[in-house]
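*Asks:* my questions are about this predicted structure, shown below with the sequence.
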Amino acid sequence: MTIKFTAEEMRYIASFESLTGARVRDCIINDFGSVTFVVNKGDFGMAIGHGGDKVKRAKHVIGKGIEVVEHSDDPVEFLKNTLSPARVQNVKILEKEGKKIAVVTVDIQDKGLAVGRSGKKIQGAKKLAERHHGISDILLT
């Protein structure tokens, strides 16, 4: 699947890469005023920086909240990364009516973290799962 970026997303990617040194695979400007960057596998620590200093500086320069997700070619690992810091216990990917659906079991205490305020976290995870692995829906259990 080819991802097309807007001019604004391209500017954010260039800024984030120059500030952190991490390579960005995807960028989504969320409806609620933040930006999600998907970085290459192994670049997560570089993107965050020691004590979060790089991501804090990027947040200040870009002027929006920032979330960083580490990419994985494995859809199960990728879903765990998108829902972090929620503790994911199990992920099953099913095919129904030609669509991929992920059934994700999270620790009961972390369900709120997985959903996020007003459902923002799970909506972002759904968008990323669709773009990177063709998963059309995520069901939390």
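*Replies:* Alright, I've got the coordinates.

*Asks:* show me where the chain has its helices.
*Replies:* Taking DSSP state H, the helices of the chain run over residues 7-20, 44-48, 53-62, 75-83, 111-115, 120-133.

*Asks:* alpha carbons of the fourth one, as PDB, please.
*Replies:* Spelled out, that is helix 75-83. C-alpha atoms of helix 75-83 as PDB (Å, rounded to 0.1, in the frame of the first residue of the first chain):
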ATOM      1  CA  PRO A  75       1.100  -7.200  12.400                       C
ATOM      2  CA  VAL A  76       0.900  -8.600  16.000                       C
ATOM      3  CA  GLU A  77       4.000  -6.700  17.100                       C
ATOM      4  CA  PHE A  78       2.900  -3.600  15.300                       C
ATOM      5  CA  LEU A  79      -0.400  -3.600  17.100                       C
ATOM      6  CA  LYS A  80       1.300  -4.000  20.400                       C
ATOM      7  CA  ASN A  81       3.500  -1.000  19.500                       C
ATOM      8  CA  THR A  82       0.500   1.200  18.500                       C
ATOM      9  CA  LEU A  83      -1.400   0.400  21.800                       C
END
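
*Asks:* list the helices and strands it packs on?
*Replies:* strand 65-70, strand 88-96, strand 99-106, helix 120-133, strand 135-140 (3 or more Cβ pairs under 8 Å, 6 or more residues apart in numbering; DSSP states H and E). Quick note: C-beta positions are derived from backbone N, CA and C, even for glycine.

*Asks:* next, format these as CSV and append distance to Lys80 and mean pLDDT.
*Replies:* Shown next, in CSV, are those (distance: least, Cβ to Cβ, whole Å; pLDDT from 0 to 100):
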stretch, distance to Lys80, mean pLDDT
strand 65-70, 10, 96
strand 88-96, 5, 94
strand 99-106, 9, 96
helix 120-133, 10, 94
strand 135-140, 12, 95
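
*Asks:* okay, these in a markdown table with mean neighbour count and distance to Asp53 next?
*Replies:* Formatted as a markdown table, these follow (neighbours: other Cβ atoms under 10 Å; distance: least, Cβ to Cβ, whole Å):
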| stretch | mean neighbour count | distance to Asp53 |
| --- | --- | --- |
| strand 65-70 | 20 | 13 |
| strand 88-96 | 13 | 27 |
| strand 99-106 | 17 | 29 |
| helix 120-133 | 19 | 24 |
| strand 135-140 | 17 | 32 |
